[in-house]
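# What follows is a predicted structure for the sequence shown.
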Amino acid sequence: MKNLILTTAALALTAGIAMAETVRMGTEGAYPPYNFINDAGEIDGFERELGDELCKRASLDCEWVKNDWDSIIPNLVSSNYDTIMAGMSITDERDEVIDFTQNYLPPTASVFVATSADVDTASGVIATQTSTTQASYVADSGATLVEFATPEETIAAVRNGEADAVFADKDYLLPIVGESGGELVIVGEDIPLGDGVGLGLRESDGELQGKFNDAITSMKDDGSLNEMIVKWFGEDAPRY
């Protein structure tokens, strides 16, 4: 009986080790070029390519999990996946709940977009995606904040007159403005927010955090991260 118990315990330990080798990467899949669902129904974008390379360098077996933005931090904390890689800016507020790696994208600009350049973004109705750094900025600005679950809904709110402008990452909004045929325009100057974009992890996963930090450092050192940033965001994107 004792041998059976020991054998069972050993098998359980082995299974635990095997499970630990698979890291579930949580992302939104709705925020190009950071992450999106391609025509084949697969998660794609800058963070998919980068995440796969980081996992390779860290000798991790990673699989991708799609999760809505508004529950992406609670579901990480609840262990429904092991990381967040979803264009998430590193902020003090979020860092009170989860941990972050070093940034894999430098701080980038946010902008207002509207149907007219004359919109008053200081006192108007501004649409943002819920629980974002942009939502916090608008809430503190004196403008009227309206939040939506998805980035697509923020654009629709401007087009249908529900909001005067949308405030989001310039990298996300710029292609939409370009494809609008003049219907949408950028209003005002670029506004930098946050401390760059990093992987979110549970506070208890310090070892995993270290592995990803080492992988990010190696990509910064050999220039491959800058090459990937240019590929997805263009020559004008901030780099390391």
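Yep, that arrived.
# For the rest of this, base every contact and every neighbour count on C-alpha atoms.
OK.
# What residues of the helix or strand hosting Lys56 count as buried?
Assigned by DSSP states H and E, Lys56 falls within helix 46-57. Across helix 46-57, burial judged by 16 or more other C-alpha atoms under 10 Å covers Phe46, Glu47, Arg48, Leu50, Gly51, Asp52, Glu53, Leu54, Cys55, Arg57.
# need the contact list for the first one.
Spelled out, it's Phe46. Under the criterion of C-alpha atoms under 8 Å, 6 or more residues apart in numbering, the contact partners of Phe46 comprise Pro33, Tyr34, Asn35, Met228, Ile229, Trp232.
# can you list those residues in JSON lines and add distance to Glu153 and pLDDT?
Formatted as JSON lines, the contacts of Phe46 follow (distance: C-alpha to C-alpha, whole Å; pLDDT from 0 to 100):
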{"residue": "Pro33", "distance to Glu153": "17", "pLDDT": "97"}
{"residue": "Tyr34", "distance to Glu153": "18", "pLDDT": "98"}
{"residue": "Asn35", "distance to Glu153": "17", "pLDDT": "98"}
{"residue": "Met228", "distance to Glu153": "29", "pLDDT": "98"}
{"residue": "Ile229", "distance to Glu153": "27", "pLDDT": "98"}
{"residue": "Trp232", "distance to Glu153": "23", "pLDDT": "98"}
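# so which of those residues is the most crowded?
The most neighbours of any of the contacts of Phe46, using other C-alpha atoms under 10 Å, belong to Tyr34, which has 24 neighbours.
# do you know how far the nearest residue to it once chain neighbours are set aside is from Val197?
The shortest distance from Tyr34 to any residue that is not its chain neighbour, by C-alpha to C-alpha, 6 or more residues apart in numbering, is 5.0 Å, and that residue is Phe46. Applying C-alpha to C-alpha, to the nearest Å, one obtains 12 Å for the distance of Phe46 from Val197.
# Kindly report the same for Ser180.
Taking C-alpha to C-alpha as the criterion, Ser180 is separated from Val197 by 27 Å.
# Next: Leu173.
Using C-alpha to C-alpha, one gets 17 Å for the distance from Leu173 to Val197.
# after the strand of greatest length in the chain, next one along is what?
Secondary structure of the chain per DSSP state E: the longest strand is strand 185-192. Note on strand 185-192: by DSSP H and E, the next helix or strand toward the C-terminus is strand 200-201.
# for that next one, what is the average pLDDT?
Along strand 200-201, the predicted confidence averages to a pLDDT of 98.
# Any buried residues in stretch 35-46, and which?
Of the residues in stretch 35-46, those buried by neighbour count under the rule 16+ other C-alpha under 10 Å are Asn35, Phe36, Ile37, Ile43, Asp44, Gly45, Phe46.
# what's the neighbour count on Ser180?
Residues within reach of Ser180, counting by other C-alpha under 10 Å, total 12.
# got a list of what it touches?
The neighbourhood of Ser180, defined by C-alpha under 8 Å, 6+ apart, contains no residues.
# again with Leu173
Taking C-alpha under 8 Å, 6+ apart as the criterion, Leu173 is in contact with Val111, Val113.
# hey, where'd the helices end up in this protein?
Defined through DSSP state H, the helices belonging to the chain, from first to last, are 2-20, 46-57, 72-77, 92-95, 133-139, 151-159, 170-179, 206-222, 224-233.
# and the fourth one, how far from the chain's centre?
Distance of helix 92-95 from its chain centroid, counting by C-alpha atoms, centre = their mean, to the nearest Å, is 14 Å.
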